[in-house]
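> return a 3D structure for these sequence lines:
(one chain, ligands or ions: 1)
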Amino acid sequence: MRTWSWCGVIVLALAAGAVPPRLHAQQNPDTPLPQLQSLALTADVDVDAGTLAGAATLVLRNTGASAVRALPLLLNRLLRVDSVLDAEGNALPVQQAVVAFEDVDTWQVTAARVQLRVPIAAGDSTAVVVHYHGHLVGYTEVGMLYVRDRIDREFTILREDAFAFPKVGVPSVASMRANPQPPFAFSTAITVPEGLMAVTGGRQLPAETHDGRVTWRSESRGPAPYLIVSIAPYRVAQRGEIRVYHFPEDSVGAQIVLGAIGAAADRLAEIFGPLRAAPSLVVMEIPEGWGSQASLAGGIIQEAPAFRSRDQLQALYHELSHLWNARDLDAPSPRWNEGLASYLQGRLARELDGWTGERAALERVRTRLIESCTADTPCGTIPMRDYGRASLTDRSYLVARLMFWLLAESMGEERLDTALREHFQRVRETGTRTDDLRAALIRVGGEPARRILDDWLDGTGWVARLSAAPDLAALREGYRR
Ligand SMILES: [Zn+2]
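As a prediction, the model looks like this:
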């Protein structure tokens with residue numbers, strides 16, 4: 001399974017593979033992009049005509065230093081803005097055109113520019129309501145092969161990847177990278193024909209039926225990295241606060257997925273200790289090839305093969321383990337939690353499913369790091385502790401994964417679990433800093449743990465060690481001498 005996006009870096013991660021890297025902002029500092037605080041999406045979806053009519057209320061905050069006078073918006077190239085209203089109900093002037101991204105000439109979008117009646121002062125927020133309608137088309141020609149999005153009775157997905165709802169932005173990958181979207185709150189009211197369900201990763205609210213159509217409502221439980229609405233003739237399998245929305249033909253698989261989540265949650269509770277509340281999680285089945293994606297707050301969309309084979313469950317284990325992360329007090333954070341989740345996903349697959357591919361997967365991580373983090377690259381010269389400041393947290397998944405594996409090999413898995421449990425139980429109410437984790441690991445793991453942390457967390461000693469060792473066994477032996 002190719003999981004396109006861990007924990008919410010959606011379009012940026014995709015575009016990163018499609019174009020040469022341009023790391024520095026091209027954005028004019030005089031025209032900062034306001035940040036989305038919340039998105040309320042109302043949409044009427046006509047699965048027979050293949051169209052939707054939507055209204056998106058965007059609450060936006062100007063985090064820049066100067067006032068924002070105009071709002072740039074992006075939509076799917078087959079969607080058109082009908083009108084934009086401000087919070088007082090005034091219609092705002094809109095210009096729009098179908099254009100290509102300035103740095104990806106196959107990527108066509110509807111780009112709109114909304115003139116605000118009242119500029120958003122620095123630090124202030126405002127709301128606009130964007131009414132829009134049209135068809136939805138995928139973006140396979142851009143290289144995003146999983147974005148096959150369309151409106152269809154069998155399966156419909158509304159997500160930012162295809163700009164199915166308005167996004168603040170200009171058609172430029174460089175600008176999108178310079179303006180990453182922080183997590184936001186969402187609510188939805190999606191109307192579809194009876195027999196279909198429209199679900200999100202949020203809390204499901206009561207649905208209303210009228211004239212053969214159903215309006216499905218949801219709201220996020222907290223800030224989410226993305227909003228995905230999945231529409232299909234779903235059935236639901238539920239255990240406690242864990243719900244699996246599955247295609248009618250996959251009811252057996254849904255029970256397997258539900259059982260696997262339950263077993264993983266039990267195992268994680270042994271490793272970290274109990275959570276304050278029972279885990280709550282939404283899994284939405286999507287067709288094969290449409291791109292699995294996972295976040296607790298945004299929900300998990302999971303391609304159909306995971307409902308037929310346990311080999312595909314690691315993305316679920318990864319996300320589930322994040323429930324045991326204390327609030328991250330490092331700002332910006334190096335996000336070692338991603339490496340811990342990546343380490344745990346393989347370990348849980350081994351322990352619960354008898355997966356035999358863990359070592360091979362770790363060796364692939366080793367190879368990727370050797371190839372990409374050479375002495376002349378940022379990740380080859382900047383310690384993981386500084387990955388947040390250096391915008392290198394996509395490397396945390398790999399570097400911290402090997403670090404936690406090495407710690408487990410050095411201390412033994414049980415003692416690593418003891419360190420993780422003591423740390424989590426100590427900081428779960430207060431939040432944690434990287435130094436708290438480091439201290440907990442050294443308290444249990446002693447001098448060998450300190451040497452590993454010096455190399456992998458606080459320094460870049462791992463770069464030379466990794467390329468000098470022919471395999472992971474040799475790397476591990478290097479820390480025993
Ligand atoms: Zn993650």
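
> when you work out contacts or count neighbours from here on, use the C-alpha atoms and nothing else.
OK.

> tell me the domain boundaries of the protein?
Domain assignment of the chain by automatic domain parsing yields the ranges 3-233, 329-478.

> how deep is Glu409 tucked in, by neighbour count?
The number of residues packed near Glu409 is 15, by other Cα atoms under 10 Å.

> partners of Glu219 in the sheet?
With DSSP bridges as the criterion, Glu219 is bridged to Ser187, Arg203.

> so what's the residue count around it?
Using other Cα under 10 Å, Glu219 has 18 other residues around it.

> what pLDDT is listed against it?
We have a pLDDT of 97 for Glu219.

> wouldn't it be in contact with Thr188 here?
Yes. Using Cα atoms under 8 Å, Glu219 is in contact with Thr188, at 6.3 Å.

> mind listing the strands for the stretch 51-200 of the chain?
With DSSP state E, counting those that start in this stretch as the criterion, the stretch 51-200 of the chain has strands at 51-61, 68-76, 79-86, 94-100, 108-120, 125-135, 156-159, 167-168, 185-193, 197-199.

> now mean pLDDT, mean neighbour count and distance to Ala375 too, for the ones you listed, in TSV please.
TSV is the format used below for those (pLDDT from 0 to 100; neighbours: other Cα atoms under 10 Å; distance: least, Cα to Cα, whole Å):
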stretch	mean pLDDT	mean neighbour count	distance to Ala375
strand 51-61	98	21	40
strand 68-76	96	22	39
strand 79-86	98	20	46
strand 94-100	97	15	37
strand 108-120	97	20	38
strand 125-135	98	20	44
strand 156-159	98	20	39
strand 167-168	96	20	37
strand 185-193	98	24	41
strand 197-199	98	25	47
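
> okay, those in TSV with distance to Ala294 next?
Output for the strands of the stretch 51-200 of the chain, formatted as TSV (distance: least, Cα to Cα, whole Å):
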stretch	distance to Ala294
strand 51-61	23
strand 68-76	23
strand 79-86	26
strand 94-100	29
strand 108-120	25
strand 125-135	26
strand 156-159	13
strand 167-168	20
strand 185-193	16
strand 197-199	15
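
> and the ones you listed: which comes nearest Glu338?
Using Cα to Cα as the measure, strand 185-193 is the one of these that comes nearest Glu338, at 22.1 Å.

> the closest one relative to strand 51-61, how many degrees between them?
Angle, strand 185-193 to strand 51-61, by axes from the mean of the first three to the mean of the last three Cα atoms, to 10 degrees: 170 degrees.

> what residues does strand 185-193 touch?
By Cα atoms under 8 Å, 6 or more residues apart in numbering, the residues outside strand 185-193 that reach it are 37-47, 198, 212-224, 227.

> what's the least confident stretch among the domains of the chain?
Among the domains of the chain, domain 3-233 carries the lowest mean pLDDT, a mean of 88.

> list the contacts of the residue lying closest to Pro279 once chain neighbours are set aside.
Distances taken as Cα to Cα, 6 or more residues apart in numbering place Glu241 nearest to Pro279, at 6.5 Å, with adjacent residues excluded. Glu241 is in contact with 278-281, counting by Cα under 8 Å, 6+ apart.

> most neighbours, which of these?
Going by other Cα under 10 Å, Leu281 tops the contacts of Glu241 with 24 neighbours.

> do you know how far it is from Ala189?
In this structure, Leu281 and Ala189 are 20 Å apart, going by Cα to Cα, to the nearest Å.

> so Leu136 makes contact with Val147?
No. Contact criterion Cα under 8 Å: Leu136 and Val147 do not qualify, at 10.8 Å.

> which neighbours do those two share?
Common neighbours of Leu136 and Val147 are listed as Ala162 (criterion: Cα under 8 Å, 6+ apart).

> which one's more surrounded, these two?
Remark: of Leu136 and Val147, Leu136 carries more neighbours, 24 against 20, as counted by other Cα under 10 Å.

> what sits closest to the more buried one if chain neighbours are left out?
Using Cα to Cα, 6+ apart and skipping the chain neighbours, the partner closest in space to Leu136 is Arg150 (5.0 Å).

> okay, now that neighbour: neighbour count?
Arg150: 19 neighbours (other Cα under 10 Å).

> show me what contacts it?
Contacts for Arg150 (Cα under 8 Å, 6+ apart) come out as 50, 135-138, 156-157.

> please redo it, this time with the cut-off set to 7 Å
Contacts for Arg150 (Cα atoms under 7 Å, 6 or more residues apart in numbering) come out as 136-138, 156.

> can you check Thr432 too?
Thr432 neighbours (Cα under 7 Å, 6+ apart): 326-329.

> Ile228 too?
For Ile228, the contact set (Cα under 7 Å, 6+ apart) comprises 158-159, 200, 298.

> what about 6 Å?
Applying Cα atoms under 6 Å, 6 or more residues apart in numbering to Ile228 gives the contacts 158-159, 200.

> could those be laid out in TSV, adding distance to Pro180?
Putting the contacts of Ile228 into TSV (distance: Cα to Cα, whole Å) gives the following:
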residue	distance to Pro180
Leu158	20
Arg159	16
Thr200	22
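
> nearest to Ser125, of those residues?
Checking the contacts of Ile228 against Ser125 with Cα to Cα, the nearest one is Arg159 at 24.0 Å.

> please report how far Gly298 lies from Pro225.
Using Cα to Cα, Gly298 is found at 6 Å from Pro225.

> which one's more surrounded, these two?
Gly298 (29 against 21).

> looking at the contacts of Ile228, which one is closest to Glu102?
Ranked by distance to Glu102 (Cα to Cα), these are led by Arg159 at 22.0 Å.

> that's all I had, so thanks and see you.
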